[in-house]
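[1] pasted the sequence and its predicted model underneath.
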Amino acid sequence: MKVIFIAGPFRGATPWDVAQNVRRAEEVGLEVAYCGAMPLIPHANTALFDKQLTDDFWLAGTQELLRRCDAVMIVPGWAKSEGTLAEIELANELDIPVFYRLYRLCEWLKEGKA
């Protein structure tokens with residue numbers, strides 16, 4: 001089974017904004033699961049850890065998780081997220097496929113190109 005990293009904004013101006021970002025990532029992750037792959041959703045893994053350690057710690061940790069995945073699925077709203085932009089850059093450096101449309105990821109999974 002392929003593991004797909006879910007990348008999108010986490011931080012927000014308020015706790016409500018953060019919660020909404022986590023929810024959007026979870027929704028995309030569930031759609032990835034429906035396509036037959038295991039979603040890795042860092043947002044959900046550490047949602048309640050916000051402000052416990054530095055942003056650098058969390059960003060380095062999520063990048064390490066990304067290194068171990070087969071592909072990346074991007075959550076809408078990514079363009080203003082510094083963390084997501086860095087994750088896309090890392091995925092490109094590592095030749096890990098990055099998908100912006102769910103149907104493209106589902107097609108890729110069905111084709112078995114992983």
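    The structure has been received and is ready for your questions.

[2] correct me if wrong: residue 40 contacts residue 5.
    Yes - between residue 40 and residue 5 there is a contact under CB atoms under 8 Å: 5.2 Å. From N, CA and C alone the C-beta is placed, and that goes for glycine too.

[3] let me see the mean pLDDT of the longest helix seen in the chain.
    Among the segments of the chain that qualify as a helix by DSSP state H, the longest is helix 15-34. The average pLDDT for helix 15-34 rounds to 95.

[4] what does that helix contact?
    By CB atoms under 8 Å, 6 or more residues apart in numbering, the residues outside helix 15-34 that reach it are 4, 6, 8-12, 38-39, 41-44, 47, 50, 73, 75-77, 102, 105.

[5] likewise stretch 97-108?
    Taking CB under 8 Å, 6+ apart as the rule, stretch 97-108 contacts 4, 28, 31-32, 35-37, 70-74, 88, 91-92, 114.

[6] that one: which residues count as buried?
    97-99, 105-106, 108 (16 or more other CB atoms under 10 Å).

[7] so which of those comes closest to residue 54?
    Within the buried residues of stretch 97-108, proximity to residue 54 (CB to CB) peaks at residue 98, which comes in at 26.0 Å.

[8] how far away is the closest one from residue 71?
    The gap separating residue 98 from residue 71 is 7 Å, by CB to CB, to the nearest Å.

[9] same check on residue 18?
    25 Å.

[10] what of residue 9?
    Applying CB to CB to residue 9 and residue 71 gives a distance of 19 Å.
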